[in-house]
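**Q** here is a sequence together with a model predicted from it:
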Amino acid sequence: MSNISVCDKCDLIVDHVPIAKNKQAHCPRCNTLLYTNNAFSISAILALSITGLILVVIANVFPMFTITMLGVEESATLIHGALSLLEKYFYLVVVLVIFCSFIA
């Protein structure tokens, strides 16, 4: 990161100095906000984690794609895709699908 900051309003060049958590740096000439040092609180991290868990469940329960052939509709989720690959003995691909969709 560079050691200077430029004010968006008055174009004053200011040295970029480290500031304490949850504090703000302002331009000395026009008092415009230059940068902040916001730290995530425990409640924000918890809210993001719960939201992520809800979205992972939704993404893995609803069908990934639906194919209609001759009036017959077939849907598949990531779990069905991994199980189909497992039946075809593609073990490395199954591990990759499970890792990328659930763990990562």
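**A** Thanks, I have it.

**Q** how about the contacts made by the residue lying closest to V17 once chain neighbours are set aside?
**A** Residue nearest to V17 in three dimensions, not counting chain neighbours: A25, with 7.2 Å by C-beta to C-beta, 6 or more residues apart in numbering. For every residue, glycine as well, the C-beta is placed using N, CA and C. Residues in contact with A25 (C-beta atoms under 8 Å, 6 or more residues apart in numbering) are S5, V14, V17, I19, L33, L34, Y35, T36.

**Q** pLDDT (mean, whole number) over the helix ranked longest in the chain?
**A** Criterion DSSP state H: the longest helix present in the chain is helix 42-61. Mean per-residue pLDDT for helix 42-61: 89.

**Q** pairing partners for the worst-scoring helix or strand of the chain on mean pLDDT, with directions?
**A** Among the helices and strands of the chain, strand 65-69 carries the lowest confidence by mean pLDDT, DSSP states H and E, at a mean of 80. The pairing partners recorded for strand 65-69 under DSSP bridges are strand 72-76 (antiparallel).

**Q** among the contacts of A25, which one lies nearest to L53?
**A** Nearest to L53 out of these is T36 (C-beta to C-beta; 28.4 Å).

**Q** could you check the pLDDT of the closest one?
**A** On pLDDT, T36 comes in at 86.

**Q** ok, and what's touching the longest helix of the chain?
**A** Residues contacting helix 42-61 (C-beta under 8 Å, 6+ apart): T77, L78, I79, S101, F102.

**Q** chain center to that helix, what's the gap?
**A** In terms of C-alpha atoms, centre = their mean, to the nearest Å, the centre of helix 42-61 is found 11 Å from the chain centre.
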